[in-house]
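[1] Return atomic coordinates for the entry below.
(4 chains)
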Protein chains: 2
Amino acid sequence: MTEQLKNHILKFVTPPDSELQSFLNLMEFEDVKNKEYLLKEGRYCKYQYFILEGCLRSFFINKKGVEKVVNFGIEDWWFTNVDSFTNQTLSALNIQAAEDSKVLKISKSKLDYILQNSLELNRYFRSILEKVRIADQRRIQFMFNLSGEELYTTFNDYYPDFVQRVPQYMLASYLGFTPEFLSKIRNKKKQ
Amino acid sequence: MTEQLKNHILKFVTPPDSELQSFLNLMEFEDVKNKEYLLKEGRYCKYQYFILEGCLRSFFINKKGVEKVVNFGIEDWWFTNVDSFTNQTLSALNIQAAEDSKVLKISKSKLDYILQNSLELNRYFRSILEKVRIADQRRIQFMFNLSGEELYTTFNDYYPDFVQRVPQYMLASYLGFTPEFLSKIRNKKKQ
DNA sequence: ACAAAAAATTAATCTAGATTAAGAAATACT
DNA sequence: AGTATTTCTTAATCTAGATTAATTTTTTGT
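    The predicted structure is shown next:
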């Protein structure tokens, strides 16, 4: 079960086997059905998740009562609410399965313990954060630079198969507009 | 000169003195006047900068020829174009001083060398990236959730003194709207 | 296989913020 | 001190995308 995570780690770093094993031993498996919650707004985010299969999303409900999708995560991605997990503060976000999913999870105290001692796993998690930062920065640039239609087209080009996996209203929300507008865009494309 | 960076590091971690010193010795000082460039679009981002004093910004020019500010950095922040620096790719962004500034810089090869060996400095840079990630996520949430007016008000509340430091048109760009619109908002507030 | 719920579409109307263009204020330079 | 350059403001017009509301299509559960 942890083989997949092990392979992922080995793509980035090569920790001594003992370190790697003691880390993997701390991971717990969880099976989540579509629409089940891993975290609810107002609670503490107790875990960081590694997605083995399926898809997770984080979202919040805005003042008008509308769901706003902040992130998606798929196979081989780490997923959490960094703010709540790292600072041990109440979460403003929900984390929910967007498909039937299988994840590995680790608590903050266990992860901290590992990161106090393992050079290589620190390098691993630093690399992950670097990648995530790059993705976030790119997203911010896109949001500022592209029209709704361009955003959708670009996202489609980058992640053509992912677009099929989640309901359109979630994708619209993630891209920052309404499902009605997404519908309009898609219809225009057909003609 | 590196005293300030040393203090910053010690707020997060406590590396052995030798490690800390050999890191600090690799940092180079640079003095930049307002509007001077540290990185131009189309070049490689060769350094990661620690800001001792002053203010840096990163921006790009969009298709319409308009400057879009992606980030600001002030005292005691690390600043770079992560994408270009980490992946050694051509930069889509410019980095420019928004005030007369003093920075310390380190090249990728030197930083990599340090991070291959120092557990504590890995922990330090991981923590920095965690903070940055939290800030980015919060920004994405704000951008999706708040109107232009709310964005400005919120930013004003979070960073009241910073707002004074940069020209309004840069702030408007950073917040994602035009200087004309910012002017409108500010004028409305007065009444 | 059918009913109920969830998701997607369509079209009409509305609005936050962009665009354009001109003038006023503030800063910087010699 | 005076000119040139940068920055900020104001106001009129315009548009991408929101809102509302009704309808159709798809998915889910029994």
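
[2] can you tell me if stretch A:83-95 touches DNA strand C.
    No. If you take CB under 7 Å from any atom of the strand as the test, stretch A:83-95 misses DNA strand C, and the best it gets is 14.7 Å. From N, CA and C alone the C-beta is placed, and that goes for glycine too.

[3] close enough to count as contact, A:Leu151 and A:Phe142?
    Yes. With contact defined as CB atoms under 8 Å, A:Leu151 reaches A:Phe142; the gap is 6.2 Å.

[4] Give the residue spans of chain A that score low on pLDDT.
    A:189-191 (pLDDT under 70).

[5] Which residues of it lie near DNA strand D?
    So chain A meets DNA strand D at A:34, A:64, A:66, A:147-149, A:176-178, A:180-181 (CB under 7 Å from any atom of the strand).

[6] cutoff 6 Å now
    A:64, A:147-149, A:177-178, A:180-181 (CB under 6 Å from any atom of the strand).

[7] Bridged to the residue nearest to the spatial centre of chain A, which residues?
    Against the mean C-alpha coordinate of chain A, by CA atoms, centre = their mean, the closest residue is A:Gly73 at 3.2 Å. With DSSP bridges as the criterion, A:Gly73 is bridged to A:Leu56.

[8] So A:Leu151 and A:Phe142 - more neighbours on which side?
    A:Leu151 (20 against 16; other CB atoms under 10 Å in any protein chain shown).

[9] quick one: which helix or strand includes that one?
    Under the criterion of DSSP states H and E, A:Leu151 resides in helix A:148-158.

[10] does any part of that helix sit near chain B?
    No. Contact of helix A:148-158 with chain B is not found when judged by CB under 8 Å from any CB of the partner chain; the minimum separation is 10.0 Å.

[11] tell me the contacts of the residue nearest to A:Phe155 when sequence neighbours are not counted?
    Distances taken as CB to CB, 6 or more residues apart in numbering or on different chains place A:Leu175 nearest to A:Phe155, at 6.3 Å, with adjacent residues excluded. Neighbouring residues of A:Leu175 by CB atoms under 8 Å, 6 or more residues apart in numbering or on different chains: A:148, A:151-152, A:155, A:182.

[12] now for the lengthiest helix in chain A, which elements pack on it?
    For chain A, the longest helix by residue count, based on DSSP state H, is helix A:119-145. The helices and strands touching helix A:119-145, judged by 3 or more CB pairs under 8 Å, 6 or more residues apart in numbering or on different chains; DSSP states H and E, are helix A:3-12, helix A:17-26, helix A:108-117, helix A:148-158, strand B:67-74, helix B:82-87, helix B:108-117, helix B:119-145.

[13] what helices or strands is the fourth one leaning on?
    Packed against helix A:148-158, as judged by 3+ CB pairs under 8 Å, 6+ apart, are the following elements: helix A:119-145, helix A:168-175, helix A:179-190.

[14] Would you convert those into a markdown table that also reports distance to DNA strand C?
    Listed next are those as a markdown table, based on distance: least, CB to the nearest atom of the strand, whole Å:
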| stretch | distance to DNA strand C |
| --- | --- |
| helix A:119-145 | 9 |
| helix A:168-175 | 3 |
| helix A:179-190 | 4 |
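
[15] Any chance of JSON lines for those helices, columns distance to B:Asp100?
    Below are those laid out as JSON lines (distance: least, CB to CB, whole Å):
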{"stretch": "helix A:119-145", "distance to B:Asp100": "26"}
{"stretch": "helix A:168-175", "distance to B:Asp100": "40"}
{"stretch": "helix A:179-190", "distance to B:Asp100": "45"}
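
[16] Chain A against chain B: which residues are in contact?
    Counting by CB under 8 Å from any CB, the residues of chain A near chain B are A:60, A:62-63, A:68, A:70-71, A:82-83, A:86-87, A:92, A:115-119, A:122-123, A:125-126, A:129-130, A:132-134, A:136-141, A:143-145, A:176.
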